[in-house]
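K.L.:
Model the following, please.
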Amino acid sequence: MGLAVSFTAWLVVGECFASELWGLREGLKLCCSLNIRCLEIEMDAKSIVEVLQNADYVNNAFSPIIDECRQLITQFHHVCIKHCFQQANQCADGLARMSCRMNAEFLIYDSPPVDILEIFEGDLNGMYFNRICPKPCIGV
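P.N.:
Numbering: from 1, shown residues only. Okay, here's the model as predicted:
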């Protein structure tokens, strides 16, 4: 089993893409500071996963933080970045919701916060959630 370190941060960022990049960067920095050498990153932000997997991707508005994330990734011996659906990323979603009620700008937790403990334990025990997909409309 890996570490159960997590963080919450109060952000004033108006765009999901920027928020996801910021969270990734801060998570990578935290892992570097903890001297973690191998890392598996699961994100429900498929666009971020695709950006990081495409070395040729350039975005003038976000290039500085994308470049910083790419540079931080080189600090690890092994990194696997993959997309997961939101239902499989409920701990991250719970931490993001917690950040809305925070009095501090940035908090690091050495163990799962009480607010997400049940979700965390379910994840450890292999609990899964069905993903409901609407039935596609077929031709008129």
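
K.L.:
which residues in this protein form strands?
P.N.:
For the chain, applying DSSP state E gives strands covering 6-9, 38-43, 78-83, 106-109.

K.L.:
need these in a markdown table with mean neighbour count, distance to residue 116 and mean pLDDT, can you?
P.N.:
C-beta coordinates here come from the backbone N, C-alpha and C atoms, glycine included. Output for the strands of the chain, formatted as a markdown table (neighbours: other CB atoms under 10 Å; distance: least, CB to CB, whole Å; pLDDT from 0 to 100):
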| stretch | mean neighbour count | distance to residue 116 | mean pLDDT |
| --- | --- | --- | --- |
| strand 6-9 | 20 | 8 | 75 |
| strand 38-43 | 15 | 16 | 89 |
| strand 78-83 | 13 | 21 | 92 |
| strand 106-109 | 14 | 9 | 78 |
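
K.L.:
Nearest to residue 124 among those strands would be which one?
P.N.:
strand 6-9 (13.5 Å; CB to CB).

K.L.:
picking that back up, Serialize the strands of the chain to TSV and add fields for distance to residue 63.
P.N.:
Below are the strands of the chain laid out as TSV (distance: least, CB to CB, whole Å):
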stretch	distance to residue 63
strand 6-9	22
strand 38-43	19
strand 78-83	18
strand 106-109	24
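
K.L.:
Quick one: closest of the ones you listed to residue 89.
P.N.:
Comparing these by CB to CB, strand 38-43 comes nearest, at 6.4 Å.
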